[in-house]
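Q: test case, fold it:
(3 chains)
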Amino acid sequence: MRNPQLNSNGELTHLLTVEGLPRAILTHILDTAESFVPLADRDIKKVPLLRGKSVFNLFFENSTRTRTTFEIAAKRLSADVYNLNINASSASKGESLLDTINNLSAMQADLFVVRHASSGAPHLIAQHAAPHVHVVNAGDGRHAHPTQGLLDMYTIRHYKKDFTKLRVAIVGDILHSRVARSDIHALTTLGVPEVRAIGPLTLLPSGLEQMGVRVFTDMNEGLKDVDVVIMLRLQNERMRGALLPSAQEYFKHYGLTQEKLALAKPDAIVMHPGPMNRGVEIDSSVADGKQAVILNQVTFGIAVRMAVMSIVAGA
Amino acid sequence: MRNPQLNSNGELTHLLTVEGLPRAILTHILDTAESFVPLADRDIKKVPLLRGKSVFNLFFENSTRTRTTFEIAAKRLSADVYNLNINASSASKGESLLDTINNLSAMQADLFVVRHASSGAPHLIAQHAAPHVHVVNAGDGRHAHPTQGLLDMYTIRHYKKDFTKLRVAIVGDILHSRVARSDIHALTTLGVPEVRAIGPLTLLPSGLEQMGVRVFTDMNEGLKDVDVVIMLRLQNERMRGALLPSAQEYFKHYGLTQEKLALAKPDAIVMHPGPMNRGVEIDSSVADGKQAVILNQVTFGIAVRMAVMSIVAGA
Amino acid sequence: MRNPQLNSNGELTHLLTVEGLPRAILTHILDTAESFVPLADRDIKKVPLLRGKSVFNLFFENSTRTRTTFEIAAKRLSADVYNLNINASSASKGESLLDTINNLSAMQADLFVVRHASSGAPHLIAQHAAPHVHVVNAGDGRHAHPTQGLLDMYTIRHYKKDFTKLRVAIVGDILHSRVARSDIHALTTLGVPEVRAIGPLTLLPSGLEQMGVRVFTDMNEGLKDVDVVIMLRLQNERMRGALLPSAQEYFKHYGLTQEKLALAKPDAIVMHPGPMNRGVEIDSSVADGKQAVILNQVTFGIAVRMAVMSIVAGA
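A: Residues are numbered from 1 along each chain as shown, chains lettered A, B, ... in the order given. Below is the predicted model of the structure:
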């Protein structure tokens, strides 16, 4: 069976998940993003690659921040952008998801950016959308968040150059994190020899070892000599739930402090997908410290989203 | 008294209702729309006809879908578009509708697209707006939805060419439908010799015969030998209300099935303004069948709205 | 200590408050605005001064009208505009204001337009934002609303030419009004010799005399021989509160009627920041009368906001 993200020439036509994408495609996205990064320093930060194209932000799940990054990326490519909060609209009128999608396709959309609480919704949409429509997953359930995964890869490559010599640790609520899932697939595909997952047993999914990941429940052990630390956001509902005793307890064991960070390599970088819970998963001194590249991730994220959109929907 | 939609040269300056518009104006809109349809296949789907103009989407009643079609049409004409959800704003501060409109006019609006739950609100706005402001009705109460009426006419002309030889049936909740009202006026003006209304007595308004419409309560009789079937959406509130026994009962009598459709001419087309209630007013096999042109209506709708906007607000 | 609104060359880099801005800066803004006013009569109402720049409307407090005026101004300068309703987003995820701002800065914002219920929030943001980001205050708590103050000055200069010969009365709820505060600072800086504040004692703040303002509780005395009357909106909550007996009582004493207006100079102009409470602070015959320049304020407001944005963020 053909990868549903690639067309018959093996080119990327949708971005649904990092899983199963060949290394050449990932590298092509990162290289394309690199060509967009210098735009940020220009007076006019726009290129005409998607001029006259229509990008629809279909956010079935609200996320102003992610929606804004895609809107920026699309406008910098000179596309016209339409923001649709779908919950408030047709869904409430009893129309099916596919009828909604067919309708929007009929408005001559070129690209759907889809955020949905249900895993697999972007796949379903890509499967049924008209042939001229491209789909980019902006986060679906616990499944995938491929542009976040790719911008994490961009950030790592920017600071560390060579993936094939790295130890990367992902810390926190791996179980519920679509970011972690996307990161693990991307790191593995790009040749990172050692990927570590660190967290309490209740927040570690089964099957990590089969994906080639080393699992640690002791953060001090897990951070030892790593080049990259990717901290995950602890959702508020987890702090009150049955899976964790308390936010304080969590911080004590898995919050990234200067002291714990000292166990990593001296030039290790600290990443976080945001928004951060300071004092829960990360100490403020680390978040604002020299090793943090958290805001750079945001900046690179615009270039990476421009790359993805221009590759799938470009002429 | 002069038609408030026409200027002193008899040119369209507002689009408030199809009622009372001369055939030449309707035909001009359809012809103009036809010139925009090929844009959809171009790489850059834009024309500069409204460049630098300001289009305000004033939606006093929420409708993401209709708002989006106008936003697309305006941006393809290169206008700047401002989306205002008026409920959430000045209305709650006790300001009058006319003060709100005067304020927005003073911001040098060129075109107001107005959706309002009260019949006549767009007329009132057109009457009081500054002379440089044009008004397009995007649906007011039960009164009119002229761009939907016009896109229906465009669709019929596209598939049937000659209006003067057609039998057209409109099926469902005629009583509460602004679409039905706009369609009937447009069909009559364009010379359709036989317009039929089909529905239960409780959903048929009085006065249809005076408008030249043949009324049927039996769908099998009403569909016989028609060229066009326009299905109407059954609002959810009707299904539970006093006017109808149940959605199931409604479907049995007035839902469009393959079997009922076979009574129409073999090349009859099936239309629906959306969003559809599959299994209530239309069977899925018909909605997705060969005779359905429902998604084409959506595509043509963009061109028709471009035509209307460029005619009223163009240089 | 340097004025945080000026850069090291003494040029305006943020607009946070009118207080403390030198007369030359205010005059420069008004002159720049004057150059934009004729755009309104052109077919294409745009200039490329902010082409490729990103303007973020950060409205922590909802205001469709003010947000729209900034959106129009930014688009007429050819900027890309992003509307963020921040309440609905990161704030609810527990992220700090400064983390939100840092994130948006990292998306290469050029200009933040900030509306916030807390006095001083725009200052805080300007202090912490990246050096390439400019901040314009669109209203913070009871503190300041500088673009409203400036458009009021533009309007006065337009009709009265010379500030140094004027008597200007501000009428109503001075205590809670950021508009009044901004107007008083601007009028004083621009050399208006007599600024009057008129209102019930409960709605007059202390310290007005120290700002050089003459205080009146009797409206008939206060309006005598003034050139300009600036009416303030009476917030709904004040009408029911402990500070005022009733809206009727308020109108009797401080509502602007034709009769009271006759006490001012015959060519006095009447201003109001909107939205108006007709029959509460202003009689309809005055609001729609010959001396009212209320809608002109709105029109000039677009030009003034274009001026401010192009000055702080222009190349």
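
Q: chain C contacts on the stretch 201-315 of chain A?
A: Residues of the stretch 201-315 of chain A lying close to chain C by C-beta under 8 Å from any C-beta of the partner chain are A:N236, A:G274, A:P275, A:M276, A:N277, A:R278, A:L295, A:N296, A:V298, A:T299, A:I302. Just so you know, the C-beta spots here come from the backbone N, C-alpha and C atoms, and that holds for glycine as well.

Q: and the fifth one, how far is that from A:L256?
A: If I follow you right, that is A:N277. A:N277 sits 11 Å away from A:L256, going by C-beta to C-beta, to the nearest Å.

Q: same check, this time on the second one
A: When distances are taken as C-beta to C-beta, A:G274 and A:L256 turn out to be 14 Å apart.

Q: so between the two, which is more surrounded?
A: Per other C-beta atoms under 10 Å in any protein chain shown, whichever of A:G274 and A:L256 has more neighbours is A:L256, with 26 against 23.

Q: returning to what we had before: can you redo the residues of the stretch 201-315 of chain A next to chain C as TSV with secondary structure, pLDDT and distance to chain B?
A: Output for these, formatted as TSV (DSSP: H, G, I helix; E, B strand; the rest coil; pLDDT from 0 to 100; distance: C-beta to the nearest C-beta, whole Å):
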residue	secondary structure	pLDDT	distance to chain B
A:N236	helix	75	27
A:G274	coil	92	27
A:P275	coil	92	25
A:M276	coil	94	30
A:N277	coil	92	30
A:R278	strand	94	32
A:L295	helix	97	30
A:N296	helix	97	33
A:V298	helix	97	26
A:T299	helix	96	28
A:I302	helix	97	22
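
Q: can you tell me which of those residues is nearest C:T100?
A: In terms of C-beta to C-beta, no member of these lies closer to C:T100 than A:P275, at 7.7 Å.

Q: the residue nearest to the closest one when sequence neighbours are not counted is in what secondary structure piece?
A: Once flanking residues are discounted, A:P275 sits nearest to C:E95: 3.8 Å by C-beta to C-beta, 6 or more residues apart in numbering or on different chains. Secondary structure assigned from DSSP states H and E places C:E95 in neither a helix nor a strand.

Q: identify the residues contacting C:E95.
A: A:G274, A:P275, A:M276 (C-beta atoms under 8 Å, 6 or more residues apart in numbering or on different chains).

Q: that one and A:R178, how far apart?
A: In this view, C:E95 and A:R178 are 19 Å apart by C-beta to C-beta.

Q: for A:R65, same thing?
A: For A:R65, the distance to A:R178 - C-beta to C-beta - is 15 Å.

Q: out of those two, name the residue with the larger neighbour count.
A: The neighbour count for A:R65 versus A:R178, taken as other C-beta under 10 Å, is higher for A:R178 (21 against 18).

Q: isn't that one right next to A:A138, touching?
A: No - counting by C-beta atoms under 8 Å, A:R178 sits too far from A:A138 to count as a contact (10.4 Å).

Q: mutual contacts of these two, please.
A: Counting by C-beta under 8 Å, 6+ apart, the residues touching both A:R178 and A:A138 are A:H145.

Q: what about the helices in the stretch 151-300 of chain A?
A: Per DSSP state H, counting those that start in this stretch, the stretch 151-300 of chain A carries helices over the ranges A:178-189, A:219-223, A:236-240, A:247-254, A:258-261, A:284-287, A:294-313.

Q: hmm, the first one in reach of chain C?
A: No - interface with chain C: helix A:178-189 contributes nothing (C-beta under 8 Å from any C-beta), its closest point being 14.7 Å away.

Q: show me what that helix is packed up against.
A: helix A:23-36, helix A:146-160, strand A:167-171, strand A:194-198 (3 or more C-beta pairs under 8 Å, 6 or more residues apart in numbering or on different chains; DSSP states H and E).

Q: what lies in contact with it?
A: Contact partners of helix A:178-189, identified using C-beta under 8 Å, 6+ apart, comprise A:17-23, A:26, A:139-146, A:148-150, A:152-153, A:163, A:168, A:170, A:172, A:174, A:195, A:197, A:208, A:211-213, A:230, A:232, A:273.

Q: from those residues, list the buried ones, please.
A: Listed as buried from the contacts of helix A:178-189 are A:17-19, A:21, A:26, A:139-146, A:148-150, A:152-153, A:163, A:168, A:170, A:172, A:174, A:195, A:197, A:208, A:213, A:230, A:232, A:273; burial here means 16 or more other C-beta atoms under 10 Å in any protein chain shown.

Q: now stretch A:187-204: buried residues?
A: Under the neighbour-count criterion of 16+ other C-beta under 10 Å, stretch A:187-204 has A:187-190, A:192, A:194-200, A:203-204 buried.

Q: and which of those residues is nearest C:K45?
A: A:L190 (49.2 Å).

Q: which residues touch the nearest residue to the closest one once chain neighbours are set aside?
A: Once flanking residues are discounted, A:L190 sits nearest to A:F163: 4.4 Å by C-beta to C-beta, 6+ apart. Taking C-beta under 8 Å, 6+ apart as the criterion, A:F163 is in contact with A:M153, A:I156, A:R157, A:L187, A:L190, A:G191, A:V192.

Q: for the second one, give its distance to chain C.
A: In this view, A:I156 and chain C are 17 Å apart by C-beta to the nearest C-beta, to the nearest Å.
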